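Novice: okay, predicted coordinates and the sequence, questions at the end:
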Amino acid sequence: MEFALDIPLVRDILEREYALARDEIRDLGVLGALERSRHRHDARIAAAPDVGTLACCAGCAWCCYFTVDVRAAEVFGILDFVEKSLAPEEKARINAEVRANALVFRKLGELERTTRNVKCPFLKEGRCSIYAARPQSCRNYHATNAAGCQQSYEEPEDLDIDPEFAPGVYQAGGAHVEAFSGAMRDAGYDVRVYELNCALDAALSEPGARERFESRLMPFAGLDGEEVAAEFDDLEP
């Protein structure tokens, strides 16, 4: 789907979010800054002029079987949310599914990972159990017609399926994530992306992972993250 880039909108989000994130990372720490940034992220998407065209709604969960990339800050933020918000039996279920999923993903190459449906461990009865702390990539995954998402689920090996999306929502969410990640990067934190289940499993099984991350070191001893190219690089502050 082709669209015209709204340069003033994207540049404004890049500049505003970068400045706020930079200051909050300094004053609140990276996880405190991430929590605040989540609220702005949701608000920006809700304010997008074409948000009313989205087909996404509670109970629609086709995308909850697709591979998800996360940054280390999100992993520790999710684990904090799980610890304070979910019942012990639910945490035990999630941890067991995380380990099982991680075993599957560790055996898959990058292409195999994108063509394999695996249920998200946080999906329960068709809904996200960590919705307030869901990853940035989940916040940014939107479609204007759920049929494309269903087709992607039913035909996971067909990478030519391209669900329809809302350009305004896409740009607002993408610029926000890029700005926050840029502020983390410039503060010295790991901004590489990891597969969700593998990163959660590493964080749960490696006692020093969080301390390494907060010390601006690579957090997961057994995982190699991937660098993500900036989409709006020419517009960044």
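Specialist: Yep, it's here. Computed from a prediction, not measured in an experiment: that's the story for all the values here. Residues are numbered from 1 along each chain as shown.

Novice: just the buried positions in the top helix by length along the chain, please.
Specialist: Selection of the longest helix in the chain by residue count, based on DSSP state H, yields helix 7-28. Of the residues in helix 7-28, those buried by neighbour count under the rule 16 or more other Cβ atoms under 10 Å are 9-11, 13-14, 16-18, 20-22, 24-25. (Glycine included, C-beta is placed from N, CA and C.)

Novice: packing partners of it?
Specialist: In terms of contact count using 3 or more Cβ pairs under 8 Å, 6 or more residues apart in numbering; DSSP states H and E, helix 7-28 is assigned the packing partners helix 30-47, helix 167-186.

Novice: can I get the ones you listed in CSV with mean pLDDT, mean neighbour count and distance to Ala230?
Specialist: Output for these, formatted as CSV (pLDDT from 0 to 100; neighbours: other Cβ atoms under 10 Å; distance: least, Cβ to Cβ, whole Å):
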stretch, mean pLDDT, mean neighbour count, distance to Ala230
helix 30-47, 97, 17, 17
helix 167-186, 97, 22, 6
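
Novice: switch those over to CSV; also include distance to Leu86.
Specialist: CSV is the format used below for the helices and strands packed on helix 7-28 (distance: least, Cβ to Cβ, whole Å):
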stretch, distance to Leu86
helix 30-47, 17
helix 167-186, 25
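
Novice: which residues are in contact with stretch 147-165?
Specialist: The contact list for stretch 147-165 (Cβ atoms under 8 Å, 6 or more residues apart in numbering) reads 1, 60, 62-63, 65-66, 114-117, 142-145.

Novice: over to stretch 52-68?
Specialist: Applying Cβ under 8 Å, 6+ apart, the set of residues contacting stretch 52-68 from outside is 105, 113-114, 116-120, 123, 126-128, 135, 137-138, 141-146, 149-150, 152-153, 166, 169, 195-196.

Novice: tally of neighbours for Ala221?
Specialist: Neighbours of Ala221 under the rule other Cβ atoms under 10 Å: 11.

Novice: enumerate every residue touching it.
Specialist: In this structure, Ala221 makes contact with Ala202, Glu206, Ala209, judged by Cβ under 8 Å, 6+ apart.

Novice: which residues does the closest residue in space to Ile130 that isn't next to it in sequence contact?
Specialist: Nearest-residue entry for Ile130: Phe122, 4.8 Å, with adjacent residues in sequence omitted and distances by Cβ to Cβ, 6 or more residues apart in numbering. If a contact means Cβ under 8 Å, 6+ apart, then Phe122 has Ile94, Cys128, Ser129, Ile130, Arg134 as its contacts.

Novice: right, and the helix or strand after the helix or strand of the chain with the lowest mean pLDDT?
Specialist: Here the helix or strand of the chain ranked lowest by mean pLDDT, DSSP states H and E is helix 110-114, holding a mean of 88. Beyond helix 110-114 in the direction of the C-terminus, DSSP states H and E gives the next helix or strand as strand 123-124.
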